[in-house]
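got a sequence here, can you build the structure:
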Amino acid sequence: MSVYERITVRLLPEDADALYDMVDSGKYRNISEAASAAIREFVEAHKGETGTSEVPPLEELIDEEPKEVDQKIQEAVRAYLEKRMNV
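Got it, this is the predicted structure:
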């Protein structure tokens, strides 16, 4: 059995609505599953950017402000949703 970590993320209303639409359409069972898929794709897309197969440390992705973590996650979710909605 997998162990999951709970993370709270703030999303723009349109991003949250797109996630809810994906759940309502049956693509995902719940919001967590949809958001996890977006984050997995983001992580997969950024593997190897540092010349290794490891994901770069979060500190390298974020300049200074902790709120930038939310921004990075929002960008990843938005890119994933745009890709999925256009397919």
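
quick one: secondary structure of residue 3?
Classification of residue 3 using DSSP: H, G, I helix; E, B strand; the rest coil returns coil.

and it, backbone torsions?
The phi/psi pair for residue 3 (degrees, to the nearest 10) reads phi -100, psi 130.

helix or strand right after the worst-scoring helix or strand of the chain on mean pLDDT?
Every helix and strand of the chain was ranked by mean pLDDT, DSSP states H and E. The lowest is helix 58-61, at a mean of 58. Counting by DSSP states H and E, the next helix or strand C-terminal to helix 58-61 is helix 67-85.

any buried residues in that next one, and which?
73, 76-78, 80-81, 84 (16 or more other C-beta atoms under 10 Å). Any C-beta I mention is one placed from the backbone N, CA and C, and that applies to glycine too.

what does stretch 30-38 give?
34-35, 37-38.

just put those in JSON lines and tack on secondary structure, distance to residue 16 and pLDDT.
Compiled in JSON lines, the buried residues of stretch 30-38 are given as follows (DSSP: H, G, I helix; E, B strand; the rest coil; distance: C-beta to C-beta, whole Å; pLDDT from 0 to 100):
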{"residue": "34", "secondary structure": "helix", "distance to residue 16": "10", "pLDDT": "88"}
{"residue": "35", "secondary structure": "helix", "distance to residue 16": "10", "pLDDT": "87"}
{"residue": "37", "secondary structure": "helix", "distance to residue 16": "15", "pLDDT": "88"}
{"residue": "38", "secondary structure": "helix", "distance to residue 16": "12", "pLDDT": "86"}
